[in-house]
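> based on what follows, work out the 3D shape:
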Amino acid sequence: MGIFDRIILSVYTLLLALVSLGVVLLSLRLISLEWIWTGISHINGQWEAGLLGMVFFLVSLRLLLAGIRTRRVKDTIVHHTDMGDVHISLDAIKNLVEKTARHTRGVRGVKVRVNHDGQGLKVSLKAVISPENNVPNVSEELQKRIHEYIKNTVGVQLVDVQILVENISNDFKTKQRVE
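So this is what the prediction gives:
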């Protein structure tokens, strides 16, 4: 439910509370029934009252639909267990992949993108590899480590792990001597 719906719900709840209070006061005979009928008789034939009633009716329908509507969580993977469902965010999987890639020897930097489509979970990496390492070996090791780590940690089989070696760079900065 968005902020607009929450504001409408707050106003609607306040007005419903006032109507409920009026019914309680009427049932305890603290308000005269003639006073209520006089107020209602002034509404008869007034188009403004009809417009206000239509607005409240539409607000009621909107809030009813907002409450019934289920939000699809598209950025998660769902595990069904005996005790309930477990939703794992794609951002959590992205963080696991980044952690695994950073701890792989020869990888200097990495950018990760995780997609979940009808076929399964796909991971795309843009990596910076150090020049003293064999790029195909580092890439293959990185694919294996990510595949195994996600399978063991999350319990999901990755469909594809794509690696784009964006740069081969040694990003260690040489320290300059000050004499």
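> the domain parsing of this protein - what is it?
What automatic domain parsing lists as the domains of the chain is 3-68, 76-168.
> redo these as JSON lines? Include mean pLDDT and mean neighbour count.
All C-beta spots, glycine's among them, are computed from the backbone N, C-alpha and C. What follows is these, written out as JSON lines (pLDDT from 0 to 100; neighbours: other CB atoms under 10 Å):
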{"stretch": "domain 3-68", "mean pLDDT": "84", "mean neighbour count": "11"}
{"stretch": "domain 76-168", "mean pLDDT": "87", "mean neighbour count": "15"}
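> look up how far R6 lies from H103.
43 Å (CB to CB, to the nearest Å).
> please apply the same query to I150.
Distance from I150 to R6, counting by CB to CB: 37 Å.
> ramachandran angles for I93?
phi -70, psi -40 (degrees, to the nearest 10).
> state the distance from G155 to L121.
Applying CB to CB, the value for G155 to L121 is 11 Å.
> quick one: the helices in this structure, in order.
Ranges of helices within the chain are 3-27, 33-43, 47-68, 90-102, 135-153, based on DSSP state H.
> mind putting those helices into a markdown table with distance to V114?
Listed next are the helices of the chain as a markdown table, based on distance: least, CB to CB, whole Å:
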| stretch | distance to V114 |
| --- | --- |
| helix 3-27 | 29 |
| helix 33-43 | 58 |
| helix 47-68 | 30 |
| helix 90-102 | 5 |
| helix 135-153 | 9 |
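> which among these is found nearest to V165?
helix 135-153 (5.7 Å; CB to CB).
> what is that closest one packed up against?
Applying 3 or more CB pairs under 8 Å, 6 or more residues apart in numbering; DSSP states H and E, one finds that helix 135-153 makes contact with helix 90-102, strand 121-129, strand 158-168.
> tabulate the CA atom coordinates of the last one in CSV.
Listed in CSV are the C-alpha atoms of strand 158-168, where the atom choice follows Å, rounded to 0.1, in the frame of the first residue of the first chain:
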residue,chain,number,x,y,z
LEU,A,158,22.6,-21.4,-11.1
VAL,A,159,21.7,-21.7,-14.8
ASP,A,160,24.4,-19.5,-16.1
VAL,A,161,27.5,-17.6,-14.8
GLN,A,162,28.7,-15.2,-17.4
ILE,A,163,32.0,-13.3,-16.9
LEU,A,164,33.1,-10.3,-18.9
VAL,A,165,36.7,-9.4,-18.3
GLU,A,166,36.3,-5.7,-18.4
ASN,A,167,40.0,-4.8,-17.8
ILE,A,168,43.3,-6.4,-17.0
